[in-house]
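Student: No letters, just coordinates:
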């Protein structure tokens, strides 16, 4: 009988990422600099691009490299204006691709153009906004470049070995995980609007513009723009950029009681929102949902009534300057990150708050409260 084989050694708990990292292939070692795709539609730059420039500036400074914006559009003043704004929010240079085919967003020409400039100039990190446009573009570009993409990030950082550490919620929002693209470049990530703070605008800041030519012809593009029809409801919900937000959760017990949230929001000149369960039950429309699968907000004041504060909700609100939580459960997770907690029944407290604010605030209350 042969001697028994020794049992294999158990892997160390929480094995370090260093043990998993392979040597970066030679073809990726000349990738440098941090890039941000500047999302622009009909001459208007989406604010998420400026938020990402703020984060990109931090990453570039840690890596000792330049921060670049990438602007795609039709020839004209809009591209130049987008570059000027990018410089004001931290970019050192902007790569521009101007072509009449890029006047309106379509996946095919935008993917071809962005992929081409990335392959030519080789950035180490490429960031895009997790908007409808950005998600569509990021996925196709990452697939074409055969690189990794971390979506809906809530935090971006650079690790000790200068790899991008992209943190996002996972498992339905119950956990936060940090993802690395160790062996491919560029390292790509998207972040939702308002997930990152808006950087301070630096008036008069200048940078370099680097034009890049891509052969795009309208006859080669399958998708055609027939007309532009604005969404009639697009301006009805302004949760992401509101200074004051009041939201309700399952602690309100019935859809009728949600009117208490609306009443307080009206008196404060605020926007109103809700947690995910209320949308799932059909009490409130999805455009009012706050959290990982809804809107990310960064108000000056956030009042949460009857919301437990699970991680998927927390990641959507923790950027608020002041969080006021109202809940009957003193052990509710929301009290772990709220600045002010009130243990009571929101159904009883909300009418009293509404009446108190109605008596004390002037018609200009919104400016006074959020200012």
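Tutor: Done, it's in. Remember, predicted model here, so these are calculated numbers, not experimental data. Numbering: from 1, shown residues only.

Student: Looking at this structure, which helix is longest?
Tutor: Counting residues, the longest helix in the chain under DSSP state H turns out to be helix 47-63.

Student: could you give the angle of whichever strand or helix holds residue 138 to helix 47-63?
Tutor: Assigning secondary structure by DSSP states H and E places residue 138 in helix 132-145. Using axes from the mean of the first three to the mean of the last three CA atoms, to 10 degrees, the direction of helix 132-145 lies 50 degrees away from that of helix 47-63.

Student: Buried ones in helix 132-145, by neighbour count?
Tutor: By 16 or more other CB atoms under 10 Å, the buried positions in helix 132-145 come out as 133-142, 145. For glycine as for every other residue, the C-beta is placed from the backbone atoms N, C-alpha and C.

Student: can you list contacts of that helix?
Tutor: With contact meaning CB atoms under 8 Å, 6 or more residues apart in numbering, helix 132-145 is reached by 37, 39, 41, 46, 48, 105, 107, 110-111, 114-115, 118-119, 126, 128, 130, 148-149, 151, 186, 188, 190.

Student: Tell me which other helices or strands the next helix or strand along the chain from the longest helix of the chain touches.
Tutor: On the C-terminal side of helix 47-63, the nearest following helix or strand under DSSP H and E is strand 67-73. Packing contacts for strand 67-73, counted by 3 or more CB pairs under 8 Å, 6 or more residues apart in numbering; DSSP states H and E, involve strand 34-38, strand 40-41, helix 47-63, helix 77-88, strand 93-98, helix 107-121.

Student: These: which one's closest to residue 207?
Tutor: Nearest of these to residue 207, taken as CB to CB: helix 77-88 at 4.1 Å.

Student: average pLDDT for the closest one?
Tutor: The predicted model gives helix 77-88 an average pLDDT of 96.

Student: Let me see the contact set for the residue positioned nearest the centre of the chain.
Tutor: Among the residues of the chain, residue 192 comes closest to the average C-alpha position under CA atoms, centre = their mean, at 1.6 Å. Taking CB under 8 Å, 6+ apart, we find residue 192 in contact with 48, 129-131, 152, 296.

Student: Can you tell me which of those is closest to residue 359?
Tutor: Proximity of the contacts of residue 192 to residue 359 (CB to CB) peaks at residue 296, which lies at 33.2 Å.

Student: re the thing from before, just want the phi and psi numbers for the residue lying closest to the residue nearest to the centre of the chain once chain neighbours are set aside.
Tutor: Of all residues not flanking residue 192 in the chain, residue 130 sits nearest, at 4.3 Å (CB to CB, 6 or more residues apart in numbering). In terms of degrees, to the nearest 10, the main-chain angles of residue 130 are phi -90, psi 60.

Student: swap in residue 256?
Tutor: For residue 256, the backbone dihedrals (degrees, to the nearest 10) come out as phi -60, psi -40.

Student: Would you map the helices across the protein?
Tutor: 47-63, 77-88, 107-121, 132-145, 259-268, 276-280, 311-317, 346-360, 365-370.

Student: which of the ones you listed is buried the deepest?
Tutor: A comparison of the helices of the chain by mean neighbour count, using mean count of other CB atoms under 10 Å, puts helix 311-317 on top with a mean of 24.

Student: give me the low-pLDDT residue ranges for the stretch 51-200 of the chain?
Tutor: In the predicted model, the stretch 51-200 of the chain carries pLDDT under 70 at residues 171-174.

Student: Try it again at 90.
Tutor: Along the stretch 51-200 of the chain, the model assigns pLDDT under 90 to residues 154, 159-162, 168-176, 182-183, 192-197.

Student: got the contact list for residue 272?
Tutor: 245-248, 261-262, 265, 288.

Student: Just give the closest residue to it, not the sequence neighbours.
Tutor: If the residues on either side of it in the chain are set aside, residue 272 comes closest to residue 265, at 4.0 Å by CB to CB, 6+ apart.

Student: Please read off the pLDDT at that neighbour from the model.
Tutor: Per-residue pLDDT puts residue 265 at 94.

Student: I'd like to know how far it sits from residue 257.
Tutor: 14 Å (CB to CB, to the nearest Å).

Student: hang on, the earlier thing: got the angle between the longest helix of the chain and helix 77-88?
Tutor: Computed by the same axes, to 10 degrees, the angle between helix 47-63 and helix 77-88 is 40 degrees.

Student: Who are the packing partners of helix 47-63?
Tutor: In terms of contacts (3+ CB pairs under 8 Å, 6+ apart), helix 47-63 is packed against strand 34-38, strand 67-73, helix 77-88, strand 125-129, strand 155-158, strand 187-191.

Student: and residue 57, which of these is closest to it?
Tutor: Across the helices and strands packed on helix 47-63 (criterion: CB to CB), the nearest stretch is strand 67-73, sitting at 5.4 Å.

Student: Off-centre distance for that closest one?
Tutor: Using CA atoms, centre = their mean, to the nearest Å, we find the averaged C-alpha position of strand 67-73 to lie 18 Å away from the chain's own average C-alpha position.

Student: follow-up on the earlier one: want to try TSV for the helices and strands packed on helix 47-63, with distance to residue 177 as columns?
Tutor: As requested, the helices and strands packed on helix 47-63 are arranged in TSV below (distance: least, CB to CB, whole Å):
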stretch	distance to residue 177
strand 34-38	22
strand 67-73	26
helix 77-88	31
strand 125-129	18
strand 155-158	11
strand 187-191	13
